[in-house]
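Chemist: take a look and give me a structure for this.
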Amino acid sequence: MKKFLLFTFALLSFQHIAFSQEYISCSGGGCENYSKRQGMHTCLPGYYMTGIHVDKGQFLCNKLGKGYDTSEEIVEKSNRVLNMRACPSGYAMTGHHEDEGLILCAPLKDGTESGKPYRDCSDLSICEDYNVRRGMHACPENRAMVGVHIEKSQIACMPK
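Modeler: Coordinates of the predicted model:
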């Protein structure tokens with residue numbers, strides 16, 4: 001019976017790894033993947049940021065839609081959405097450099113870019129939602145981050 005339970009658990013764990021495209025990237029090492037482009041911590045090419053834990057230097061990254069080519073990425077430092085640093089309309093975050101006040105953005109494709117972003121934070125009197133996944137503040141599953149305000153612990157997510 002124990003062997004059967006261990007086999008079943010191992011099989012379910014493998015299926016999660018095999019079919020989930022979400023992973024944790026961290027700048028300090030010890031995570032599944034780490035990538036750096038344009039002088040900042042990024043998700044792997046073709047993946048978008050879906051969550052962030054600044055103190056641990058971690059991003060939650062996911063492949064959404066058809067992804068993008070790194071030649072399509074832009075460095076953004078002045079655009080604002082919902083009073084936070086954000087990607088232009090139709091783009092989502094792929095990287096972040098808090099000290100420099102920069103985010104890396106790539107175009108969203110396959111209809112994932114439609115709708116108005118919303119604010120996600122723990123203060124539900126000002127935010128529409130609050131999500132935590134894999135130990136970090138995150139957008140709902142399969143929704144990319146489009147903006148971030150570290151001091152207020154807020155992220156902007158693509159609509160559900």
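
Chemist: report the helix or strand with the lowest average pLDDT across the chain.
Modeler: Least confident helix or strand, the chain: helix 2-19 with a mean of 36, by mean pLDDT, DSSP states H and E.

Chemist: next secondary structure after that helix?
Modeler: Using DSSP states H and E, the helix or strand that follows helix 2-19 in sequence is strand 23-26.

Chemist: now find how far off-centre that following strand is within its chain.
Modeler: How far strand 23-26 lies from its chain's middle: 9 Å, per CA atoms, centre = their mean, to the nearest Å.

Chemist: so what touches that strand?
Modeler: 31-35, 41-44, 47, 56-62, 134 (CB atoms under 8 Å, 6 or more residues apart in numbering). Heads up, the C-betas are built off the backbone N, CA and C, glycines and all.

Chemist: drop anything exposed from these.
Modeler: With burial judged by 16 or more other CB atoms under 10 Å, the buried subset of the contacts of strand 23-26 is 34-35, 41-44, 47, 57-62.

Chemist: farthest pair in these?
Modeler: Within those, G57 and N62 form the most distant pair, 18.1 Å apart (CB to CB).

Chemist: now, which of the contacts of strand 23-26 lie within strands?
Modeler: Those of the contacts of strand 23-26 mapping onto strands are S35, H41, T42, Q58, F59, L60, C61, N62, per DSSP state E.

Chemist: could you dump the residues you listed to TSV with distance to E141 and pLDDT?
Modeler: Below are these laid out as TSV (distance: CB to CB, whole Å; pLDDT from 0 to 100):
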residue	distance to E141	pLDDT
S35	21	87
H41	22	94
T42	21	95
Q58	17	91
F59	15	93
L60	10	94
C61	13	94
N62	8	94
